[in-house]
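Undergrad: for reference, the sequence and a predicted model appear below.
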2 protein chains.
Amino acid sequence: MSFSRAAATGDSRFGNVLASFAPVRRDTQTGDTGFDLSGVVAHFPAGRQIYAEGDDARSFYKVIGGTVRTCRFLNDGRRQIAAFHGAGDVFGIESGPDHRLTAEAVTDCSIAAYRWRGLDTTIVGDDRLGHWFLSHLMAALSRTREHALLLGRGSAAQKIAAFLLEQDAMNDAGSMIDLPMTRQDIADYLGLTIETVSRTLSQLERDRVIDLPCARRIGLKDRQALRGLIA
Amino acid sequence: MSFSRAAATGDSRFGNVLASFAPVRRDTQTGDTGFDLSGVVAHFPAGRQIYAEGDDARSFYKVIGGTVRTCRFLNDGRRQIAAFHGAGDVFGIESGPDHRLTAEAVTDCSIAAYRWRGLDTTIVGDDRLGHWFLSHLMAALSRTREHALLLGRGSAAQKIAAFLLEQDAMNDAGSMIDLPMTRQDIADYLGLTIETVSRTLSQLERDRVIDLPCARRIGLKDRQALRGLIA
DNA sequence: CGAATACTTGATGAGACTCAAGCGCCGTGG
DNA sequence: CCACGGCGCTTGAGTCTCATCAAGTATTCG
């Protein structure tokens, strides 16, 4: 699982901006802002660890394809998932010298790694790059805040409903969601048990709010009902 | 409750950096980095709203003195507190055009407001200012993440223990904590009810882990036991 | 086909919520 | 001075949701 250089480093337009990056312009397939950075790309099979809690935060990362989870393991063996990251999402930015969470591939993934030396040598002097970095950081803050608010209040049904709508917003493909993660992942993300996740989904199907043709496929039959649940 | 200009705007060192700020160097009494910005300072009595969810995010804020809560009101009347902010903390930075949370004074407060026009006109071109802004943003992300992880897992006792240790870390004054907030605030912060907060604190006192001389005063008798609870 | 893994469903119990009452503190006013 | 009410907090009893324990089904993969 070694990183391989993805592209030449000839474009030095940002060379003095992010000192230790290897930035180039890419023919980006992510629908970002048209602007893009490339670091060093690697592929991870499903389940593989990308970095562990406590590792030096020498890089941050962007998902090219696949899904990543960032999580923490408690010493009673349980796991709390902080976020799922899909294509285009940036993760692994840390304020301190080391990673405070573990990152793992949920599915087979392509991940771009961007070297950085932490906050002290950061991103000033270029409008677009600074904007890119800041917007990702603030998006992460916004999402984390919503996640915290969801976890604090709400019944199992509310959490599941919010989760489904969140996944629906990512998958902009009709009303059918293909979940990349297991029930256990969902449970650890929502602060529930796997049994409660399963029961709640079954109940939603009985209530004609969703379809469950197979475990990983969820059809949203009544988004309004889901929104109503969230209150 | 109108803002009053705190200082002259003669110092234009950052004039082209944060377009609409009124930044000056202050003889700061916060133990920050030595570097400081001043905006427009206002005082808020306990309970007063600073901004509401949905308001235009024309400014962000720093607590000079007192305690602030940022929260969301659910349409069933309940309230979820996202964070408490003490002296030196920055709050109200938004990625979008409007505030996603409400901010209210928990105690009487002095608040500095910094105008800004959002992400598009942000903080490039000055190392120290960019660093100051980024470090606050990343600190907020880090704290929010910890809060989310706390809310997801954990019994009432674990949440209370984590809350007490968090407050203890703020109050660097011996082993006695003077809480600025009510039991209801604590409950809404931890995703519990006021009764559960009260019962759990009483139980911790019976277990000789804390002292409760009065409701708002908590003595930590056994920090190790609290840390043990968090697991 | 068999085994492993993922998922579902059922029975039971613990922990937190709800409803309700009572206590303590404090400011107001008689 | 005390009576009173309001507010924040504590405590108790009953209920309900979700976790736990346990079993069984479905799916995947060698």
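TA: That came through, no problem.
Undergrad: so where is chain A shaky, pLDDT-wise?
TA: Chain A contains residues with pLDDT under 70 at A:1-38, A:119-128.
Undergrad: and the most centrally placed residue in chain A, what does it touch?
TA: Centroid check for chain A by CA atoms, centre = their mean gives A:His85 as the closest residue, at 1.3 Å. By CB atoms under 8 Å, 6 or more residues apart in numbering or on different chains, A:His85 lies in contact with A:63, A:67-70, A:91. For every residue, glycine as well, the C-beta is placed using N, CA and C.
Undergrad: 10 Å instead?
TA: Residues in contact with A:His85 (CB atoms under 10 Å, 6 or more residues apart in numbering or on different chains) are A:61-63, A:66-70, A:91-92, A:103, A:106, A:109, A:111, A:140, A:143.
Undergrad: give me the subset of the residues you listed lying in helices.
TA: When DSSP state H is applied, these are split such that A:140, A:143 fall in helices.
Undergrad: out of the contacts of A:His85, the closest to chain B would be?
TA: Nearest to chain B among the contacts of A:His85 is A:Ala140, at 6.0 Å by CB to the nearest CB.
Undergrad: where does A:Ala46 land in three-state SS?
TA: Assigned with DSSP: H, G, I helix; E, B strand; the rest coil, A:Ala46 falls in the coil class.
Undergrad: and chain A, what are its domain boundaries?
TA: A:4-149, A:153-230 (automatic domain parsing).
Undergrad: closest one to B:Leu164 among those domains?
TA: B:Leu164 lies closest, by CB to CB, to one member of the domains of chain A: domain A:4-149, at 18.7 Å.
Undergrad: what about stretch A:131-146, near chain B?
TA: Yes - using CB under 10 Å from any CB of the partner chain, stretch A:131-146 reaches chain B at A:131, A:133-146.
Undergrad: next to DNA strand C, which bits of chain A? Give me the list.
TA: Residues of chain A that fall close to DNA strand C, judged by CB under 7 Å from any atom of the strand: A:182-184, A:194-195, A:197-199, A:201-202, A:212, A:215-216.
Undergrad: filter those residues down to the ones close to DNA strand D.
TA: When contact is defined as CB under 7 Å from any atom of the strand, the residues of chain A next to DNA strand C meet DNA strand D at A:195, A:215.
Undergrad: give me the subset of the residues of chain A next to DNA strand C lying in helices.
TA: Checking the residues of chain A next to DNA strand C against DSSP H, those in helices are A:183-184, A:194-195, A:197-199, A:201-202.
Undergrad: list the buried ones in stretch A:211-231?
TA: Using 16 or more other CB atoms under 10 Å in any protein chain shown as the test for burial, stretch A:211-231 gives A:218, A:220, A:226, A:229.
Undergrad: the host helix or strand of the last one near chain B at all?
TA: Using DSSP states H and E, A:Leu229 sits in helix A:223-230. Yes - Helix A:223-230 reaches chain B (CB under 10 Å from any CB) through A:Ile230.
Undergrad: packing partners for that helix?
TA: helix A:156-170, helix A:194-206, strand A:210-214 (3 or more CB pairs under 10 Å, 6 or more residues apart in numbering or on different chains; DSSP states H and E).
Undergrad: now with 8 Å?
TA: When contacts are defined as 3 or more CB pairs under 8 Å, 6 or more residues apart in numbering or on different chains; DSSP states H and E, helix A:223-230 packs onto helix A:156-170.
Undergrad: what ranges does chain A have for its strands?
TA: A:4-5, A:40-44, A:49-51, A:59-65, A:68-73, A:79-85, A:90-91, A:102-105, A:109-115, A:176-178, A:210-214, A:217-220 (DSSP state E).
Undergrad: gap between the fourth one and the chain center?
TA: If I follow you right, that is strand A:59-65. Relative to the chain's own centre, strand A:59-65 is displaced by 9 Å; criterion: CA atoms, centre = their mean, to the nearest Å.
Undergrad: how about the second one?
TA: Relative to the chain's own centre, strand A:40-44 is displaced by 16 Å; criterion: CA atoms, centre = their mean.
Undergrad: got the angle between that strand and strand A:109-115?
TA: 150 degrees (axes from the mean of the first three to the mean of the last three CA atoms, to 10 degrees).
Undergrad: the inter-axis angle of strand A:40-44 versus strand A:68-73?
TA: In terms of direction (the same axes, to 10 degrees), strand A:40-44 departs from strand A:68-73 by 70 degrees.
Undergrad: got the buried residues for strand A:40-44?
TA: A:40-44.
Undergrad: just the fifth one next, same as before
TA: Residues of strand A:68-73 classed as buried by neighbour count (16+ other CB under 10 Å): A:68-72.
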